[in-house]
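[1] give me a model of this one.
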Amino acid sequence: MIVKIILLTTYRSQTSIRYPTLSQLDLHYLSMKSIGIRDPQISEGRPSINLFDNEGLYHITFTTDEQNSPYSFENEIIVCDGQILPFRVVYVERIPVRIRRYYYLRGSQYMTPSLGDEKILNLNFHHQCYYCGFCQNLVCGSQSTLTPDKGFEFIMSRGDLKSLEDVSEIAIVTGSFDSEEGTYEHISGVIDNAVKYGFRGRIFYMGHELKKPDKISKLKNRIKIEGMTELKIVYTVEMFSNRQKLISGCKGENDIETIADILKELAKLDLYELQYSYMPGLDNLDDFQKGADKLAEFATPHLSIYRPFSAEQRKKQICYDYKNMGLEYLCKMRIYIEKLYGVPIIGNNLGNMFAFPINQINKCWINGTIVGEIQNMRYWQDKKRPIGWRVAH
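    Alright, predicted model coming up:
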């Protein structure tokens, strides 16, 4: 065991020398994403933790007890090789058995921060999507789908929001519809309801069905007529090579060349932002670089590092390079992305390869103080969280 710790410590030191632009926060975060963490109490809930230094913040959760990991979570702190990490580690809570949520809120008053301290409402009324074999939702259990009308009735009955006037963005994650028309009708229904409650912000659609330029132009015009600001789209890709191996149905049928053609047409529509979702960990590096090069002209990646939630997934779904290179794989991928675009690709999504910049987050997240005890801020299915849940640190 002592020899193993020395080798791991030496490996991280060598990696730091090879990638001097990456901080200790970056390296340890990427290492934890690739290796996981020892947590003998994982059955009590997934630990939710903030990692940050003077420049950046990562939010990380773990789903399995990785007994061979040098990282260990004990008494609400993380140690690596028995040593305290060289940055702040703030435990937030243990998340109980995952059940899909119909909605959640982001911003300085909630568990997850947002860039520019925007208040963001994330919707997931339509849960019917089981195309991706690596998706954590496969273990979440079934839950009924809500129409936009019923969904907003549910939200407004919970007491979190009295109106949507101060909401900057509504993010719509649609699951998977039978048709592009069905997707459009769902989003249109969301817009109808949002207008009733005073929303005038940005619509963010994340999915794979809505891709015809004429349909998206129609949606943009509808947004403009209703007095909303912009439309942002993330086209869900997840992986570039052998897509039908892990992605079934209509979502996996397009190869990278077809996806590039779709994004090329969408890039002509003057959207607020055009991205594609991608999960580091599923493609070998060569396939990643080829795919990233093809899409770079049209869109930026919406990144979420893949971390398996079972031993079976680890065997079947992590690519060869990720299994064998671990931290080095993620470092190479991050450096490649930054060189490809010339800047870090920073987003509001968790699991990103780039940290939230501290100077773009509300100070309550930087200071590590509890900003309030709010009992109703997040829900698991239709149940309220326990009284006394901490909303920040």
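[2] you'd agree A171 is in a strand?
    Yes - secondary structure of A171 (DSSP: H, G, I helix; E, B strand; the rest coil): part of a strand.
[3] hmm, F204 and it touching each other?
    Yes - contact between A171 and F204 holds when scored by C-beta atoms under 8 Å: they sit 4.2 Å apart. For the C-beta atoms, the positions are set from N, CA and C on the backbone; glycine is no exception.
[4] where does pLDDT dip in the stretch 101-250 of the chain?
    For the stretch 101-250 of the chain, the stretches with pLDDT under 70 are 127-143, 248, 250.
[5] the strands in it, which residues?
    Secondary structure of the stretch 101-250 of the chain (DSSP state E, counting those that start in this stretch): strands at 103-106, 120-123, 169-173, 202-207, 231-238.
[6] give me the contacts around the longest one.
    With contacts defined as C-beta atoms under 8 Å, 6 or more residues apart in numbering, strand 231-238 is touched by 132, 134, 169, 202-208, 210-211, 216, 219-220, 223, 246-247, 251, 259, 262-263, 266, 271-279, 282, 295, 299, 302.
[7] report the buried members of those.
    Buried residues within those, counting neighbours by 16 or more other C-beta atoms under 10 Å: 132, 134, 169, 202-208, 210-211, 216, 219-220, 223, 246-247, 251, 259, 262-263, 266, 271, 274-279, 282, 295, 299, 302.
[8] quick check: pLDDT value at R18.
    Note on R18: pLDDT of 90.
[9] work out for me the element the closest residue to it other than its chain neighbours sits within.
    Once flanking residues are discounted, R18 sits nearest to C331: 7.5 Å by C-beta to C-beta, 6 or more residues apart in numbering. Element membership for C331, per DSSP states H and E: helix 327-341.
[10] I'd say Q289 and I337 touch.
    No - contact between Q289 and I337 fails when scored by C-beta under 8 Å: they sit 9.9 Å apart.
[11] can you show me the helices along the stretch 251-393 of the chain?
    For the stretch 251-393 of the chain, the helices defined by DSSP state H, counting those that start in this stretch cover 256-266, 285-295, 311-316, 320-325, 327-341, 363-367.
[12] quick check: N193 vs Y103, distance?
    The gap separating N193 from Y103 is 12 Å, by C-beta to C-beta, to the nearest Å.
[13] need the residues touching each of these two.
    Common neighbours of N193 and Y103 (criterion: C-beta under 8 Å, 6+ apart): G151.
[14] hang on, the earlier thing: right, and the helices of the stretch 251-393 of the chain - which one's nearest T64?
    helix 311-316 (7.8 Å; C-beta to C-beta).
[15] let me see the mean pLDDT of that closest one.
    pLDDT averaged over helix 311-316 gives 68.
[16] and stretch 334-346, by the same measure?
    The average pLDDT for stretch 334-346 rounds to 97.
[17] next one: stretch 358-365
    Summarised as a single mean, pLDDT over stretch 358-365 is 81.
[18] start the count at 14 instead of 1 going forward.
    In the new count, where the first residue is 14, that last one comes out as stretch 371-378.
[19] so for Q302 and I350, which sits in the more crowded spot?
    It is I350, of Q302 and I350, that has more neighbours when counted by other C-beta atoms under 10 Å, with 23 against 17.
[20] and the more buried one, how far from L128?
    Applying C-beta to C-beta to I350 and L128 gives a distance of 18 Å.
[21] same question for I55.
    30 Å.
[22] neighbour count winner among the two?
    Between I55 and L128, counted using other C-beta under 10 Å, I55 has the larger neighbour count: 17 against 14.
[23] what about the nearest residue to that one once chain neighbours are set aside, neighbour count?
    Distances taken as C-beta to C-beta, 6+ apart place D78 nearest to I55, at 4.6 Å, with adjacent residues excluded. Applying other C-beta under 10 Å, we find 15 residues neighbouring D78.
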